[in-house]
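> Build me a structure from this.
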Amino acid sequence: MTKTAAQPTETLDFKRILPIFVIVLVDLLGLTIIIPVLPLYAVSFGADPFTIGLLATAYPLMQLIGGPLLGSLSDRFGRRPVLIVSQFGTFLGFLLLAAANALPLLFLSRIIDGFTGGNIVTAQAAITDSTTPRTRAQGLGLIGAAFGLGFVLGPAISGVALALSDNNYRVPALIAAVFSLASIALTLTWFKETLPPEKRGQAQRQRGN
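So this is what the prediction gives:
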């Protein structure tokens, strides 16, 4: 009776994935700090329920448009530069939100943040670059874990910020901007390009197919 040789188990290179996980988590903290306070912020400018619904829709709608575009650009120019540019857009959106003094500026801030917030597609592409077919599910699962942590910690931070600032809605926006700035710093100093130049044309052709 012959024995079948055990196949080696392929494990996820967590050290390579960790920078992407942390960057996504910090980005999501900025987003989830804003979500619970946004309707209250809009009401302070006289928004009705319909307008609040439109404001809430602006972010995911622009993310739907920006996500594929940013993903395509990252296939052409690399993950790191696209991630940095999109993070700067998110940072600008948070600063505009903190400085808003009318509803149109709230909408503009969410439109900017939503369009550049499609950088999650770029982060997922970086995960795909950094994993093998056997470890890809584990790597993408960490993105899901970052979402879970972000949606637990973000609203809690927002609540504490409002309590300490006597319901000053600009304070959570400024805190979100700080988290966004931290994610930019992490990308500049820690994140290494995952798509080498010789593979960029190939990645773009595969996306087109």
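
> Where does A145 fall, secondary structure wise?
Here A145, judged by DSSP states H and E, is contained in helix 136-164.

> Which positions in that helix come out as buried?
Using 16 or more other CB atoms under 10 Å as the burial criterion, the residues of helix 136-164 that qualify are 139, 142-143, 146-147, 149-150, 154-155, 157-158, 161-162. (C-beta placed from N, C-alpha, C; glycine too.)

> show me where pLDDT drops low in this structure?
1-9, 118, 201-209 (pLDDT under 70).

> if I read this right, N119 contacts S86, doesn't it?
Yes. Between N119 and S86 a contact is recorded at 3.7 Å, counting by CB atoms under 8 Å.

> which residues are in contact with both of the two?
Counting by CB atoms under 8 Å, 6 or more residues apart in numbering, the contacts common to N119 and S86 are L70.

> mind checking the SS state of E10?
coil (DSSP: H, G, I helix; E, B strand; the rest coil).

> Quick check: closest non-adjacent residue to it.
Setting aside the residues directly before and after it, E10 is nearest to R134 in space (CB to CB, 6 or more residues apart in numbering), at 4.5 Å.

> what are the phi and psi angles of that neighbour?
In terms of degrees, to the nearest 10, the main-chain angles of R134 are phi -80, psi -30.

> What is the neighbour count of V85?
16 (other CB atoms under 10 Å).

> show me the contacts for it.
V85 neighbours (CB under 8 Å, 6+ apart): T116.

> before we move on, what about S180?
26-27, 30, 87, 90-91, 94.

> Can you go through those and name the buried ones?
Using 16+ other CB under 10 Å as the burial test, the contacts of S180 include 26-27, 30, 87, 90-91, 94 as buried.

> K15 and G66: what is the separation?
Distance of K15 to G66, computed by CB to CB, to the nearest Å: 30 Å.

> next one: L174
24 Å.

> Which of those two has more residues huddled nearby?
Using other CB under 10 Å, the more surrounded residue of L174 and G66 is G66, with 22 against 17.

> This completes my enquiry, with thanks.
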